[in-house]
Structure formats: structure tokens, C-alpha cells
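Undergrad: The amino acid sequence is not available; the structure is as follows:
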């Protein structure tokens, strides 16, 4: 115990590493729904036709709002090995030879990058599996009826929220803003419910959720490596990641977290 106390006392006498406030890259996380409807999420969104003229005008309005942040780099939800193909499409888009497809990486990311004169976009995703069937089976096998009931309730809440936001009179900016509100992000607690499924001998839920936290840490680290001193980085990602990304970038002393809600008009 004396050695531990002495080590702590020594640590407290060491001055913290100085990080120049003005040099820290600013990082802003835009949590989005998937314009294509997803496919592998806990709840997959219903989506409208985002190539329709009215929706295209709404996307332009969203991009105009995000441009106020003046990002120097834009990062999208793609793995680094896909980055060169994505940027090849981007160069064709700049040349007028590519039509934006129905996904947020192109509709928001490419559109904004072109408006700001960026030469390229960046990829930072890291993939890992999540075995929902194994977790549900473990819950049943271990008689965790209360946890399974709560998961059913949470899915119903998420599905209802998604349907509410997919109404024709809800603009793209309004829907994206809703996806970045604290009450929506708090639904991330579903992952902690999932983590409890299983047993001490076979903690299936904790093991699967460990992969989720590890995946997001991998992405965080990749974003941090891309961000250089003085950068203003916009990260466009599925809103399911935003809770952890915000936490990581708030806590990291090397970066400055920026609240995206400051740039999303309530309209």
C-alpha cells in the first residue's frame, strides 16, 4: 500500500503534458440515419426517396448549414481500403461525370467537400461482427426474461421514433438534428442491456458488446490519426456511433470536440 501511495504522490507532482489549445484539431460528429435504410443495424430505418427534388433541396440546405463549420477534412463511414475508389468517384463528380448515389457519404459528404473545394475525403471505419442471435439465445437459455422484455420495448421505441422522423413533412435537417439530440443518443443504453445477456461462465453479451466498444475505439483512433493540428474535421457517421464518438473526443486531450447541434438549425 505504501508503494502505491508513493507512486500516486509522485504522479501528482508531474506536470501534465501541455497541449496547445489553439493547435488542437476540432472534431465534430454528425450522426446520421442511413439514406439507404441500413440493413445491419439494431433498427433499420424506413427511408423516403432522397433523389426526389424536394429532398435534394433539403439536403442542399443541410450542406449549407454544415459548411458554416468550415471543415478542412471530411471523414465518412467507409473502411480505409475503400477510400481510393470513393475518391475516384468524387473526382468524377467534380468533373461532372458522376451522379451522387443514394447514401449519406455521397449526398452529404461529397456534396459538401465539392462546395468547399476539397481534393479528397477520408475513410475511418473498422468492421467487426455482432452476433445478435447468440445474445438472444443466451438470454433465453439463462431465463433473462426481464432483459429480453426490455429489449423488445426498446426496439418498439426506436421503430416508433424512426417512423415519426420519416414522415414527408419532416425535413432532412430536422431528422438529422433529431438523431443528434441527447435524448436520442441516450438510446445507446440498449448496448448495456445487451451486455448483460449470458452467464458468468459464458458472458455472451459482454463479449459481443466488447467488440462494439473496440470497433468504436478503432474508428476513434483512425479519426484522431487523420486529424492534424489546426484541422476542423467533420465526421459523417451512422448515429449509433455518435454517443461513443462524442465521449471519446470530449475526453481526448489531443482534440477539441465541437457540438454539431450548434450548426444544425432547428427550423
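TA: That came in fine, so what should we check first? Predicted model, so just to flag it, every value in this text is computed and none were measured.
Undergrad: so residue 222 touches residue 126, yeah?
TA: Yes: Residue 222 is within contact range of residue 126, at 6.8 Å (criterion: C-beta atoms under 8 Å). Using the backbone N, CA and C atoms, a C-beta is placed for each residue, glycine as well.
Undergrad: Which of these two has more residues huddled nearby?
TA: residue 222 (18 against 15; other C-beta atoms under 10 Å).
Undergrad: Low-confidence ranges, this protein, go.
TA: The chain contains residues with pLDDT under 70 at 1-21, 37-47, 267.
Undergrad: repeat that for 50
TA: 5, 7-8, 14, 16, 39-44 (pLDDT under 50).
Undergrad: which stretches of it form helices?
TA: For the chain, the helices defined by DSSP state H cover 2-13, 53-67, 83-94, 104, 111-116, 132-141, 145-165, 172-179, 182-185, 190-195, 204-226, 242-251.
Undergrad: how about the ones you listed in JSON lines, adding distance to residue 29?
TA: Shown next, in JSON lines, are those (distance: least, C-beta to C-beta, whole Å):
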{"stretch": "helix 2-13", "distance to residue 29": "32"}
{"stretch": "helix 53-67", "distance to residue 29": "12"}
{"stretch": "helix 83-94", "distance to residue 29": "19"}
{"stretch": "helix 104", "distance to residue 29": "13"}
{"stretch": "helix 111-116", "distance to residue 29": "15"}
{"stretch": "helix 132-141", "distance to residue 29": "25"}
{"stretch": "helix 145-165", "distance to residue 29": "19"}
{"stretch": "helix 172-179", "distance to residue 29": "11"}
{"stretch": "helix 182-185", "distance to residue 29": "10"}
{"stretch": "helix 190-195", "distance to residue 29": "17"}
{"stretch": "helix 204-226", "distance to residue 29": "9"}
{"stretch": "helix 242-251", "distance to residue 29": "5"}
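Undergrad: Tell me which of these lies nearest to residue 232.
TA: helix 111-116 (10.3 Å; C-beta to C-beta).
Undergrad: Now that closest one: buried residues?
TA: By 16 or more other C-beta atoms under 10 Å, the buried positions in helix 111-116 come out as 111-113, 116.
Undergrad: ok, so of the residues you listed, who is nearest residue 188?
TA: Closest approach to residue 188 among those (C-beta to C-beta): residue 112, at 25.9 Å.
Undergrad: count of neighbours near the closest residue to that closest one other than its chain neighbours?
TA: Once flanking residues are discounted, residue 112 sits nearest to residue 63: 4.8 Å by C-beta to C-beta, 6 or more residues apart in numbering. By the measure other C-beta under 10 Å, the count of residues near residue 63 is 21.
Undergrad: Kindly report the same for residue 252.
TA: 18.
Undergrad: Quick check: nearest residue in space to it, chain neighbours excluded?
TA: Nearest to residue 252 is residue 224, by C-beta to C-beta, 6+ apart, at 6.7 Å.
Undergrad: got a list of what the one you found touches?
TA: Residues near residue 224 by C-beta atoms under 8 Å, 6 or more residues apart in numbering: 252, 254-255.
Undergrad: how near is residue 172 to residue 194?
TA: Distance from residue 172 to residue 194, counting by C-beta to C-beta, to the nearest Å: 30 Å.
Undergrad: swap that for residue 209, please
TA: 6 Å.
Undergrad: Out of the buried residues of helix 111-116, which comes closest to residue 238?
TA: For the buried residues of helix 111-116, the nearest to residue 238 is residue 112 (17.2 Å; C-beta to C-beta).
Undergrad: thought the closest one was touching residue 72?
TA: No: contact criterion C-beta under 8 Å: residue 112 and residue 72 do not qualify, at 11.9 Å.
Undergrad: before we move on, the earlier item: looking at residue 209 and residue 194, which one has more neighbours?
TA: Each of residue 209 and residue 194 has its neighbours counted (other C-beta under 10 Å); residue 194 has more, 25 against 20.
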